[in-house]
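S.K.: quick one: sequence and predicted model below, then my questions.
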Amino acid sequence: MQLADLLDHPQPLPSSPRLLALLLTELKQLQPDLRRIDQFIKADPVLSLRVLQAANVPAFSLSGQVSSVSEALALLHLDQVQDMVNQIIGQVSFKVGAGLPLAQFWAYSQDCARVARALAGLLQYKQQAAYVAGLIHALGELTMRAASPQLAELDESCPALDLRRAMTEREAFGFCYLDVSAALAGQAQLPQMVCDALAYADAPFDNEACEPLAGVLHLAQWRARAKQLGLQKNALTVTFPSMVAEMLGLDIDMVLQQDPIDWSRPASRRMPLVVQT
C-alpha cells in the first residue's frame, strides 16, 4: 500500500445513514433551519470535508481561508449541499471491517472534535478550526481500510483506536492515517494550518512552524482514544502526553477539565449521531 495510490484512486467514504436522512429531510423543508443543517453536517467527518472543499474552490473570494462548516454554509447554496447528500446516499456501501465499527468511528471523531475545540478555547486559539481538525483527522484510517485488507491484520497487534496506532502504521507502511488525512485536507484546499495540524498531530513539534493546532489535536486524540480504551486514572497519568501539554502551557488536570461530553457513559452506549455541536 502506497500513499500516492490511495490519493490517486480514492474510495467513497461513509456517512451515517441516519444523519443523511435527517439532513435530507431538513433540506427539503420549505424553510430549512440553517442551524440544524449546520449541526447535522458538523456531526459527520465526510460531509464536513466535502462542504469545506466546495467552499474553498477558487470561485469564492475567501478561497483557502474557510476552516469551519458555518463559514462554508454562508458561501454555499443549499441545493449544493443537497446534491452532496444525494451523491453520498447513492454510493456503494462501505465495509470498514470488524476492527473499527463505523458507529464507534463516528462517536470517536465527534468526541475528538469537541475536546479539540474545548482545548483551543482554553488557549484562546481558533476553536472552529480545531473542531474541524478533530472531526476529520481519522478519515485517513477509513481511506486505508477501504484500500487494503492489511489493516485488519494490523488490528490484531494494535487496535484501530490504540494510542500507538499512528506509530504502528508508519512502521508497517511508511505512513499513517494522519498523513492520509492531511493529504485529503490538502486536496480539499483546506487552510494550511489545518493541513499542518493533521500532518504533525502525532509529533506536534517536529514541524519548524510549530503549529499550536497540532498540539491541540494531539491532546484531543489522546483523550478521545483513552475514553474508547476505557483507561482509568493511573493509565491516564502514565499515557498522558506531558511534553506536548507543557509546550502549550497545560497539564493533565487542565486537559481533563475541558471534557465537553459525558464521559461517564460507556462509549459503546453513546449514539453515533449527536447533533449538539
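M.R.: Done, it's in.
S.K.: pLDDT weak spots in the stretch 1-150 of the chain?
M.R.: 59-64, 92-98 (pLDDT under 70).
S.K.: if you set the cut-off to 90 instead, what comes out?
M.R.: Along the stretch 1-150 of the chain, the parts satisfying pLDDT under 90 run over 1-14, 16-17, 56-67, 75, 86-101, 145-150.
S.K.: check which residues of stretch 206-220 are buried.
M.R.: 211-220 (16 or more other Cβ atoms under 10 Å). The way it works is simple: take the backbone N, C-alpha and C, and place the C-beta from them, glycine included.
S.K.: ditto for stretch 25-37
M.R.: By neighbour count on 16+ other Cβ under 10 Å, the buried set for stretch 25-37 is 26-27, 32, 36-37.
S.K.: what does stretch 241-250 give?
M.R.: Under 16+ other Cβ under 10 Å, the buried positions of stretch 241-250 are 241, 244-245, 248, 250.
S.K.: CA atoms only: put it into PDB for me.
M.R.: Presented in PDB, the C-alpha positions along stretch 241-250 are these (Å, rounded to 0.1, in the frame of the first residue of the first chain):
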ATOM      1  CA  PRO A 241       1.500  13.300  26.600                       C
ATOM      2  CA  SER A 242       3.000  15.700  29.100                       C
ATOM      3  CA  MET A 243       5.700  17.100  26.900                       C
ATOM      4  CA  VAL A 244       3.200  18.300  24.300                       C
ATOM      5  CA  ALA A 245       0.900  19.700  27.100                       C
ATOM      6  CA  GLU A 246       3.800  21.600  28.700                       C
ATOM      7  CA  MET A 247       4.700  23.200  25.400                       C
ATOM      8  CA  LEU A 248       1.100  24.500  25.300                       C
ATOM      9  CA  GLY A 249       1.200  25.600  28.900                       C
ATOM     10  CA  LEU A 250      -1.200  22.900  30.000                       C
END
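S.K.: pLDDT of stretch 215-235, averaged?
M.R.: Across stretch 215-235, pLDDT averages out at 94.
S.K.: so where does A160 fall, helix or strand?
M.R.: For A160, there is no helix or strand it lies in under DSSP states H and E.
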